[in-house]
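In: Just need the structure, nothing else, for what follows:
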Amino acid sequence: MAAVRVRQHQHQQVQQPITPPSPQPTIRRRKKTNQKFEKTMLLLLVGMIAVLGIFVLNKQAAIQTTSIDIQKIEIEADKVARKNVDLTVRVSELSTYENIWKKAEKLGLTQNEKNVKVVPGE
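Out: Residues are numbered from 1 along each chain as shown. From the prediction side, this is the model:
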C-alpha cells in the first residue's frame, strides 16, 4: 500500500501544469531605466543644492567683507570729525584779539590810529 501512495504522489506532481515564465525581463529593463532616471535626477538635485549653497555662502562672505569696510570707513570719518572739531577750537583760540596783537608785535608791526577801520563783527 505504501508503494501505491508513493506512485500516486509522484503522479500528482506530474499532473500539475507547468506555467510558462512571465515576460519579466522587459519590466526589469523599465525599472532599471526608471532607477537610472531617478538616480540622475537625485544627483542633479543634490548638485543644484550644493551650487546654491556655495552661492549663498559666497554672497554672505561678500556682505561680511562690505560690512567690515563700512565699519572701517565710519571709524575713519569719526577720527576726521574729531580732528576738525579740534582744529576749529584751535582756530578760535588763535583768532582772538590778544593772540593776533602778540603775533603782530613779534613781527614788528605797530598800530597806527589813522589806518584803523572798524568793521562790524559777525
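In: which residues does the residue nearest the centre of the chain contact?
Out: Closest to where the C-alpha atoms of the chain average out (Cα atoms, centre = their mean) is residue 60, at 1.0 Å. Listed by Cβ atoms under 8 Å, 6 or more residues apart in numbering, residue 60 has no contact partners. Yep, even glycine has a C-beta here, placed from its N, CA and C like the rest.
In: now the helix or strand harbouring it, how far from the centre of its chain.
Out: Following DSSP states H and E, one finds residue 60 within helix 24-94. Put simply, helix 24-94 sits 2 Å off its chain's centre (Cα atoms, centre = their mean, to the nearest Å).
In: Which SSE is immediately downstream of that helix?
Out: In N-to-C order, the element after helix 24-94 by DSSP H and E is helix 97-106.
In: and that following helix, what does it pack onto?
Out: Applying 3 or more Cβ pairs under 8 Å, 6 or more residues apart in numbering; DSSP states H and E, we find helix 97-106 packed against no helix or strand.
In: re the thing from before, how far away is the residue nearest to the centre of the chain from residue 54?
Out: For residue 60, the distance to residue 54 (Cβ to Cβ, to the nearest Å) stands at 11 Å.
In: any weak-confidence spans in this protein?
Out: By pLDDT under 70, the low-scoring segments of the chain are 1-31, 122.
In: change it to 90
Out: Counting by pLDDT under 90, the chain shows low-confidence ranges at 1-36, 97, 100-101, 104-105, 108-122.
In: before we move on, back to that, what's the angle between the helix holding residue 60 and helix 97-106?
Out: Comparing the axes of helix 24-94 and helix 97-106 via axes from the mean of the first three to the mean of the last three Cα atoms, to 10 degrees yields an angle of 70 degrees.
In: Residue 103: neighbouring residues, count only.
Out: Residue 103 is flanked by 11 other residues according to other Cβ atoms under 10 Å.
In: Would you quantify the distance from it to residue 109?
Out: As for residue 103, its distance to residue 109 is 9 Å (criterion: Cβ to Cβ).
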